Structures are given as C-alpha cells and as structure tokens.
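Engineer: sequence and predicted structure, then a few things I'm wondering about:
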Amino acid sequence: MILRTKILPRNISDAAVTIFTLLIIPVVYWFELFVVMPTFHDLWSFWYNFHFIMGTIIFINVSANYAAIVLCDTSIKGRLMPMTKQPQWHYCATCESLAPPRSWHCNICNICILKRDHHCMFTSCCIGHHNHRYFLMFVMYLFIASLYATIYNSFFIWARVDFSNFMSLFKVIFPLAMLLVDHSFNQTYLFLYLIVLITFVFTGALLYFHIGLLLKGTVTYERNRNCKEYDLGTVMNIKTVLGEHWYLVWISPFITSELSSDGIKWNKAASMKAK
C-alpha cells in the first residue's frame, strides 16, 4: 500500500462534510452506549456488556476502514507509467502523464485516480482501485451501525419526546434550528436520532447501488456510459475489488487480501472468454 501524504480537504465543502463526519461518529458511539443503552439494560450487566462489545467492534471497523480510505493512495502518483501511448491509454494534460484504462482525472484531488469510482466528500478523497474495498466495508458497517442504533433509538425517543402537538413537527423537520431555541437534552437526543435515521437510509441506498456495481464489475463512471467490458463474472468481479480473501475482508480492514489487478493492467470480458 502506498500512503497518501496530502490528506487534508482541498475545498470548503469537503472540509465541512469531513469534519462533521469525524465528529459525529464518536459522538453517536458515546450516545448509543452511554445514554441510550443504559435505559434498556443495567450498566455492565450481561446484555449491556454484549451490546457494548458489539458496538465497539462496529465502531472500530467504521473508524479503521475510514482511516484506510483516507491513507491509501490510489492515484497514479509514484507508479511507473510508460513513455509511449499504449492501447486504451490516454494522455492527461493536467498531470502531464499517460494514464491507464479505467483511470480518470479528479479536479478536486488534482490527479488521475486508478479505476476511479467517485470523489467522496466524507473522506475528502477519491474512491479508486486500492481503497475501494475499504469504502465498501465502511459503508456496510455504517449501515449496520445505523440500523442497530435506529431500532433502539426509536423506542428511546418515543418515550421522551411529545409528538402530540404542532411544535413537535418543527422539532423533527428543523432539529438543528430548534436546538437554538430548545436547549433540552431531549431535543439534542432527537437531533442525534434523526442523524442516525438519515444515515441508515443514505447508507442503505449507497450499499445497494455499490453492491450492484461490484457484481457487474463496473464503477460509476463506466455505468453512466454503459461500459460492460470489464465484467468478468460475479466471483472475479468481487475478487477484483475485495481481493483473494474476499470472504474475510468484512471481519477487519487489517486482514490482507491481495487484489487481482495492479490497477494499471486489466483483463476484459472478451479476453477471459477466449481463454
């Protein structure tokens, strides 16, 4: 793995979203385990300890996969590129370098990214060949965490917030604005509940979309152009993104799983069928 040396956000929108993400993840972890969970189970009882351990495992996986996304350099920087143009390669005038197939320039990162899928505002970096695995696991664990939390939070909030009057509608629609008027713990809890609920819906949609791309052996850029030439079949498509130990990577980002491609040379569906 080549590490990125410039990990700071490059524009205001990236900075705002990234800072919010870095703050809200530990805050929600604290909220769920030290505010919500003790109302259902006695502190340090068997079931509290069970949920504490499960929540901590999820939190570690969310944090570690996030760090791996940010630290893993998936650009063409530091990789040897040919001096003469190869088939399906293209010249990037901004980078002043030849770029391999499936590589596209990111105007925010200001460099070409190997098998670029998209630029992620939550991490202030691009999702490409070498950090694609960590992105998928990050989204998966966020989805699990938000689903887990939403179930408990729904009972927790319903017992504390009065939804019988018109003002309650404003509390739900404008939770952050209402915090300026209502400084109560319940309003803060409602704000966190809605953040978790939105995360659950958003990550669920993201997971559905990106698993579809994974199984078809494509990325967002190629999908938008109906490119299917790198679809090598379900198993090979999964290995291309998750590596040889694809069935273990969900356990931890620290598990080594060698990718089938270096991000520069690619097999095509037609050539694989010919073999």
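Structural biologist: Cool, got the structure.

Engineer: burial measure for Trp44, as a count.
Structural biologist: Per other Cβ atoms under 10 Å, the neighbour tally for Trp44 reads 9. To be clear about C-beta, it is placed using only N, CA and C from the backbone, and glycine gets the same treatment.

Engineer: and it, helix, strand or coil?
Structural biologist: Put simply, Trp44 is coil when judged by DSSP: H, G, I helix; E, B strand; the rest coil.

Engineer: distance check, it against Ser124.
Structural biologist: From Trp44 over to Ser124 the distance is 38 Å, taken as Cβ to Cβ, to the nearest Å.

Engineer: now swap in Val36 and tell me
Structural biologist: Relative to Ser124, Val36 is positioned 30 Å away (Cβ to Cβ).

Engineer: all helices for the stretch 51-200 of the chain, in order.
Structural biologist: If DSSP state H, counting those that start in this stretch is used as the criterion, the helices of the stretch 51-200 of the chain fall at 132-158, 167-173, 175-179, 185-216.

Engineer: most neighbours per residue, which of the ones you listed?
Structural biologist: helix 132-158 (a mean of 20; mean count of other Cβ atoms under 10 Å).

Engineer: please name every helix or strand in contact with that helix.
Structural biologist: helix 46-71, helix 185-216, helix 234-242 (3 or more Cβ pairs under 8 Å, 6 or more residues apart in numbering; DSSP states H and E).

Engineer: picking that back up, and the helices of the stretch 51-200 of the chain as CSV, adding distance to Glu244 and mean pLDDT?
Structural biologist: Output for the helices of the stretch 51-200 of the chain, formatted as CSV (distance: least, Cβ to Cβ, whole Å; pLDDT from 0 to 100):
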stretch, distance to Glu244, mean pLDDT
helix 132-158, 11, 97
helix 167-173, 47, 75
helix 175-179, 45, 75
helix 185-216, 16, 96
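
Engineer: could you list the low-pLDDT ranges of this protein?
Structural biologist: Applying pLDDT under 70 to the chain flags the ranges 270-275.

Engineer: buried ones in stretch 230-248?
Structural biologist: If you call a residue buried by 16 or more other Cβ atoms under 10 Å, then stretch 230-248 has these buried ones: Tyr230, Asp231, Leu232, Asn237, Ile238, Lys239, Thr240, Val241, Leu242, Gly243, Trp246.

Engineer: relative to helix 132-158, how tilted is the helix or strand Leu22 falls within?
Structural biologist: Assigning secondary structure by DSSP states H and E places Leu22 in helix 12-31. If you take axes from the mean of the first three to the mean of the last three Cα atoms, to 10 degrees, helix 12-31 sits at 60 degrees to helix 132-158.

Engineer: what residues does Phe156 make contact with?
Structural biologist: Shown in contact with Phe156 (Cβ atoms under 8 Å, 6 or more residues apart in numbering): Val36, Thr39, Phe40, Tyr189, Tyr193.
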